[in-house]
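S.K.: Would you be able to build a 3D model of this:
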Amino acid sequence: MLFFVKRMSIFVIVLTFPLTSFSGYSAEGSFSKEQKMEINQMIRNYILEHPEILPEAIQILQNRSKNASLTKNHTRLYNDGFSYIGGNPNGDVTLIEFFDYNCGYCKHALDAVEKLKKNDANLRIIYKEFPILSEISYTAAKAAMASMEQGKYEEFHIALLKNSGNLTEERIFEIARNVGLDTQMLAKDMTSSVFNRNIKINHDLAEELAISGTPGFIIGDVIVPGALPYEQLVNIIAEKRQKIIKSNQTR
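M.R.: Take a look at the predicted model:
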């Protein structure tokens, strides 16, 4: 038993054998005080002798926490009832993007996302309005969500991100007119309090997933902070697709 414990990595010791259980037995009922002290000392010695395993253990813990958060928030991520869904709504892989219309990196990422949408006919894209940079970012996000009432979200979304100057309320409505939106109807629809609620839901969701900047992408169980090049996004999507295929084969 003690030889077995000594050979375990710190992650297995700490996480696979929690303090309340050891090898399937109650720690309180199976080990004397002296035995438990000896085991704890051996664990401590192993950590001190092999500190290089700590980053690996921490990474595993972080991955477990991240996966738990993704599972817990699955409905809010994939079926919140208000986020726009582009690409193929029935696609086998979903890319989720958190973005701010004033974010330069989001503007840079637009080309990659649009290219993915064009080249991958089986990709589903969920757009999460995540205004964090300024008050006008909130205005733009509410305008974009309100544009769904007129069936112009994608055109408006792309035009807002392609805007080269600073967004202002006047500029937002100018862009809206340019893509064919009825700006009077848009202004009226934007007053709905539901958009403030939706934005708060996205903010809470991003906080729980440790997404603090924009853009932030989620592809399966991979959270990607920042604007990755098109090729890297393609690779992550391909890996996710392979996992799905393997999972279906083992059923």
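S.K.: hmm, who's touching stretch 71-81?
M.R.: With C-beta atoms under 8 Å, 6 or more residues apart in numbering as the contact definition, stretch 71-81 has outside contacts at 70, 94, 96, 126, 198, 201, 205, 208-209, 218. To be clear about C-beta, it is placed using only N, CA and C from the backbone, and glycine gets the same treatment.
S.K.: cool, and stretch 225-243?
M.R.: Applying C-beta under 8 Å, 6+ apart, the set of residues contacting stretch 225-243 from outside is 92-93, 95, 105-106, 108-109, 111-112, 115-116, 120, 123, 211, 213, 215-217, 219-220, 222, 224.
S.K.: are any of those residues buried, and which?
M.R.: Neighbour-count burial (16 or more other C-beta atoms under 10 Å) applied to these gives 93, 95, 106, 109, 112, 116, 120, 123, 211, 213, 215-217, 219-220, 224.
S.K.: quick one: which of those residues sit in helices?
M.R.: Among these, the members falling in helices are 106, 109, 112, 116 (criterion: DSSP state H).
S.K.: Quick one: mean pLDDT over the helix or strand where residue 71 lies.
M.R.: Here residue 71 sits within helix 53-72, counting by DSSP states H and E. Helix 53-72 comes out with an average pLDDT of 68.
S.K.: show me where pLDDT drops low in the protein?
M.R.: Along the chain, segments meeting pLDDT under 70 span 1-29, 54, 56-66, 251.
S.K.: which stretches of it form helices?
M.R.: Counting by DSSP H, the chain has helices at residues 2-7, 10-11, 27-30, 33-49, 53-72, 74-78, 104-119, 135-146, 153-162, 169-178, 183-190, 194-208, 230-249.
S.K.: Quick check: which of the ones you listed is nearest to residue 84?
M.R.: Among these, helix 153-162 comes nearest to residue 84, with 4.8 Å by C-beta to C-beta.
S.K.: got the angle for the closest one vs helix 135-146?
M.R.: Inter-element angle recorded for helix 153-162 and helix 135-146: 160 degrees (by axes from the mean of the first three to the mean of the last three C-alpha atoms, to 10 degrees).
S.K.: what about the residue positioned nearest the centre of the chain, distance to residue 189?
M.R.: Per C-alpha atoms, centre = their mean, the C-alpha nearest to the average position across the chain is that of residue 218, at 4.0 Å. From residue 218 across to residue 189, the span is 28 Å (C-beta to C-beta, to the nearest Å).
S.K.: Quickly note the distance from residue 69 to residue 33.
M.R.: Following C-beta to C-beta, the distance that separates residue 69 from residue 33 is 38 Å.
S.K.: related to what we said a few turns ago, which one of the ones in helices among the buried ones among the contacts of stretch 225-243 is nearest residue 144?
M.R.: Using C-beta to C-beta, those come closest to residue 144 at residue 106, 12.3 Å.
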